[in-house]
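Student: quick one, structure for this:
(one chain, ligands or ions: 2)
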Amino acid sequence: MKQRPLDIHSNDNTLFTTEQCNNHCIMCCQPPRKIDDIDHYYQQNIKRVLSAPKDLPLIALTGGEPTLMGDKLFSLIRLIREQLPNTEIHILSNGRKFADPEYAKALKLAGDNKVMVGVPLHSDYEKDHDIIAGSKGAYNETILGLYNLAMQGIAIELRIVMNKLNYMRLPQMATFIHKNLSFVTWTAFMGMERVGFADTKSTHIWIEPIEYIPQLCQAVQLLDDFRHEVVIFNIPLCLLPEQYHPFAEKSISDWKNKYTDCCEQCRLKEQCCGFFATSTQLYTGIKPY
Ligand code: SF4
Ligand code: SF4
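Tutor: Ligands and ions are numbered 1, 2, ... in the order given. Predicted coordinates:
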């Protein structure tokens, strides 16, 4: 996979670490491949870090699953901290590897307070999470991983990708987060990008956002009522009741963000996340303000 140059003006600077993953999520937008690519991307990323703009605010480590790099993940983080000491590091991980407390501890040693880990939780119910993650045992390892990260004082972004299999339980998930995962820095409810498995397996997994807005708003309200930080990613403002607009972020990476013709007449375009240019279809129910 060809990596885009690191650019100080972009809102999405990433180091792609591997196409491999120990999950096989049914909505994965970039389905994992069994391919021996860790060293290839590791060497490439060392060069990218060495030549990166020194004032980059944020760099994300993505995949696949970055923790499959093992200890090389920590070498890369140490290099980022040495070369780009003011840059925040955001790791997107399914969290399973952090079920090993020593691995979570090693991340804290390498990244200190510059690291945040974004971890997806697909359901509060073990079997649903494992079905969506495509891997038996994923839920238990992810939950244990979240606790081990929290024990190390590492910041966590909990990510809930809304889909046909989990949308009915969004309010129950919010209650679960309040009671059991209240240590997370924030919870992000995320609209799906309709690409990869989310498109090819759409009859099983795809649901139009307009259909889950009531459950989404109930979940956001519940977390907000308990004073947890909560955000909504990738949902256009015209699909959300106005009282929930303050939770919605301009979340889509600049290089894959687009608007439709009807957005041109909309007074909220500047604040709205718009759409994924990579999705094969637009959401239904779009209308300009
Ligand atoms: S954890 Fe992420 S990369 Fe791995 S299969 Fe799931 S969505 Fe894809
Ligand atoms: S019409 Fe376009 S810009 Fe306006 S809220 Fe809807 S998606 Fe956003």
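Student: from here on, just use CA atoms for contacts and neighbour counts.
Tutor: Fine.
Student: report all helices and strands that the single longest helix found in the chain contacts.
Tutor: Secondary structure of the chain per DSSP state H: the longest helix is helix 209-225. The elements that helix 209-225 packs onto, with contact taken as 3 or more C-alpha pairs under 8 Å, 6 or more residues apart in numbering; DSSP states H and E, are helix 170-180, strand 230-233.
Student: show me the strands in the protein, by range?
Tutor: Under the criterion DSSP state E, the chain contains strands at 14-16, 58-62, 88-92, 115-120, 155-161, 186-190, 230-233, 257-258, 275-276.
Student: residues contacting the closest residue to Ile8 other than its chain neighbours?
Tutor: Nearest residue to Ile8 in three dimensions, chain neighbours excluded: Leu56, at 5.6 Å (C-alpha to C-alpha, 6 or more residues apart in numbering). By C-alpha atoms under 8 Å, 6 or more residues apart in numbering, the residues touching Leu56 are Asp7, Ile8, Leu84, Asn86, Thr87.
Student: what's the farthest-apart pair in these?
Tutor: Spanning the widest gap among those are Asp7 and Asn86, at 15.6 Å by C-alpha to C-alpha.
Student: so for the least confident helix or strand in the chain by mean pLDDT, what gets flagged as buried?
Tutor: Every helix and strand in the chain was compared by mean pLDDT, DSSP states H and E; the lowest is helix 197-200, with a mean of 81. For helix 197-200, burial by neighbour count (16 or more other C-alpha atoms under 10 Å) applies to Phe197, Ala198, Asp199.
Student: same check, this time on stretch 86-105
Tutor: Within stretch 86-105, the residues that count as buried by 16+ other C-alpha under 10 Å are 87-99, 101, 103-105.
Student: any residue of it touching ligand 1?
Tutor: Yes. Using C-alpha under 6 Å from any ligand atom, stretch 86-105 reaches ligand 1 at Asn94.
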